[in-house]
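Undergrad: fold the following and give me the result.
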Amino acid sequence: MTPEEVLPEDLLAGIRGRAAGYDRDNAFFHEDLEGLAAAGYLKLFVPRSDGGLGLGLEAAAQCQRRLATAAPATALAVNMHLVWTGVAHVLSARGDDSLDFVLEEAARGEVFAFGNSEAGNDSVLFDSRTVATPLPGGWYSFSGTKIFTSLSPAWTRLGIFGKDPQAREGDGELVHGFITRETPGYTILDDWNALGMRASRSNTTVLDDVRVPADRIFRKLPVGPNADPLVFAIFACFETLLAAVYTGVGERALQLGVDAAKRRTSFKNAGRSYAQDPDIRWKVAEAAMAMDNLYPQLSLVTRDVDALTDHGPQWFPKLVGLKINATETARRVVDLAIRVSGGSSYFQGSELERLYRDVLAGMFHPSDDESAHNTVANAWLGPLEN
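TA: Residues are numbered from 1 along each chain as shown. Next up is the predicted model:
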C-alpha cells in the first residue's frame, strides 16, 4: 500500500485541520488517534494474516512522513507505538520471536508507548537510573522516573527498563519489560507544557514499586553497549521513524514557503510576485536542495533494514546520521521558509510559527548531536585512546 492509500486525503485533511487547536489548547490528539486507529494505521507492522497492513520499515517511514506534513505532534506521538511494533517486526524478520506478543496485542487494539527516557541518563539504552529489583518467581519491581512519555493519555502498554545493580556479580543488568494501564504503582504527572510538539502530551511517568510479572520481562542485557538484536531493532526503528517525522516537517515547510513566495507581492516593485525575486528564489532553492538530499537517505536506510542488509559496525553511524540529518535539515528548511514568508509567519496561529516550535524538539531526541558525532567518529577512526 502507498502512503496515499494508508492515509487518504480526507483523513489527512481532518488531522491537519485539528493540529492548530491541539497546539493552542495543549490538548491530546484524541480525535486524530481515533481516526488513525479506525483506518488501521496503528497496525502498520501487524501481519496481514492478523488483520494488519503488513508493511515494512521503509513503507511505514513514508507513511509517517506523510502524516507529519499534516500534524507533526500527532506523528511524533504515534511514532512511539510504531517503534515498539516496528521493533517486534524487525526482530521477527531476523528469527527472534521474543516480541511477537506485541504484534498480537497491537492487532487487538492495544496502544504501546515508550517509557525508557530518563533525565540525566546520557547512556540512553546502555544504562539506567531506574532500579529493577528481582522478586520471587521471575518478577521485577521498577522504581524510577521516565520523561517524555508520549501518548500518556492513551497508552495501554508501556515499555520500561531499569537496572538490577546486583546482577552479573555486581556489574549490573538491564531489565526490559512491559506494564499495562491497570498495573499499580505508576503515576503520570500533568507536566507537559512544552514549546512545541504539544499535542503529544509527553508527560513524566513516575514508577514506584511497579511490579512486572515474569512473562512480561522480555530481555536482560549487560550494562553498556552490546550487540543484542533488541538494541539494533530499537535504534533502527526509533531513529528512522523520527527521521521520517522531521522529513515531513521539512517537506511541509518547503511547500508553505513556495506558496508564500507565489502569493506575496512587492510594493516597491509594482506588485511583482516575490517568486520573481532573486533572493527569495535562492532561499527556496536552498530549501529544496536540502530536502532532495534527505529523501533518498531515508528511503535507503529503511530499505536496508527491511532487506536484512549487513552493514556491520557501520549500521549505527548510518542510523544516527540519518536522524541528525533529518532533524537539522528540517530546522534549516523551516527557517528558510519563514524568511521567505515574511513577518506574518511570526504571529501565533501561523502554521510556520507552529512548525518552527515543533522542529526544535528534534535536537532533544536521542541520539543527540554530540552522541551521534561520537558514534560516527568511533566507527571511522576507532575509539579515543585513554
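
Undergrad: what average pLDDT does stretch 330-341 get?
TA: For stretch 330-341, mean pLDDT rounds to 96.

Undergrad: residues making contact with that stretch?
TA: 246-247, 249-250, 253-254, 256-257, 260-261, 264, 274, 280, 283-284, 286-287, 290-291, 345-346, 352, 355-356, 359-360, 362-363 (C-beta atoms under 8 Å, 6 or more residues apart in numbering). Placement of C-beta: from N, CA and C, glycine included.

Undergrad: now do it: distance to the chain's middle.
TA: 22 Å (C-alpha atoms, centre = their mean, to the nearest Å).

Undergrad: just give the nearest non-adjacent residue to G14, would you?
TA: Leaving aside its sequence neighbours, G14 sits nearest to G35 (C-beta to C-beta, 6 or more residues apart in numbering; 6.4 Å).

Undergrad: now do the contacts for the one you found.
TA: Contacts for G35 (C-beta under 8 Å, 6+ apart) come out as L11, G14, I15.

Undergrad: distance of V284 relative to S341?
TA: Computed as C-beta to C-beta, to the nearest Å, the V284 to S341 distance reads 11 Å.

Undergrad: please enumerate the shared neighbours of the two.
TA: In contact with both V284 and S341: G257, A261, using C-beta under 8 Å, 6+ apart.

Undergrad: re the thing from before, and the contacts of stretch 330-341, which are buried?
TA: Using 16 or more other C-beta atoms under 10 Å as the burial test, those include 246-247, 249-250, 253-254, 256-257, 260-261, 264, 274, 280, 283-284, 287, 290-291, 345, 352, 355-356, 359-360, 362 as buried.

Undergrad: so which of the residues you listed are in strands?
TA: Of those, none are assigned to strands by DSSP state E.

Undergrad: helices - which of those residues land there?
TA: Among these, the members falling in helices (DSSP state H) are 246-247, 249-250, 253-254, 256-257, 260-261, 280, 283-284, 287, 290-291, 352, 355-356, 359.

Undergrad: quick check: the residue nearest the centre of the chain vs M197, distance?
TA: The residue lying closest to the centre of the chain (C-alpha atoms, centre = their mean) is L242, at 3.6 Å. Between L242 and M197 the computed distance is 12 Å (C-beta to C-beta).

Undergrad: what's the overlap in contacts for those two?
TA: By C-beta under 8 Å, 6+ apart, the residues touching both L242 and M197 are L76.

Undergrad: returning to that earlier point: wasn't the residue nearest to G14 part of a helix?
TA: Yes - counting by DSSP: H, G, I helix; E, B strand; the rest coil, G35 is found in a helix.

Undergrad: partner residues bridging I217?
TA: Beta-bridge pairing of I217 under DSSP bridges involves G177.

Undergrad: how much space between L352 and A288?
TA: From L352 to A288 the distance is 16 Å (C-beta to C-beta).

Undergrad: hmm, I was thinking of D100
TA: 43 Å.

Undergrad: also I234?
TA: 33 Å.

Undergrad: could you do L308 as well?
TA: 34 Å.

Undergrad: those two: which is more packed in?
TA: For L308 versus A288, neighbours defined as other C-beta atoms under 10 Å are more numerous around A288 (14 against 9).

Undergrad: residues in contact with the more buried one?
TA: A288 neighbours (C-beta under 8 Å, 6+ apart): L254.

Undergrad: got any ranges where the protein has weak pLDDT?
TA: Scanning the chain for pLDDT under 70 picks out the ranges 266-267, 269-270.

Undergrad: now the helices for it?
TA: Going by DSSP H, the chain shows helices at 3-6, 9-25, 30-38, 57-70, 72-93, 100-107, 229-263, 278-306, 315-341, 351-359, 369-381.

Undergrad: quick one: A93 from N79, how far?
TA: 20 Å.

Undergrad: compare these two (neighbour count), which wins?
TA: N79 (25 against 15).

Undergrad: pretty sure that one contacts A61?
TA: No - counting by C-beta atoms under 8 Å, N79 stays clear of A61, with 10.1 Å between them.
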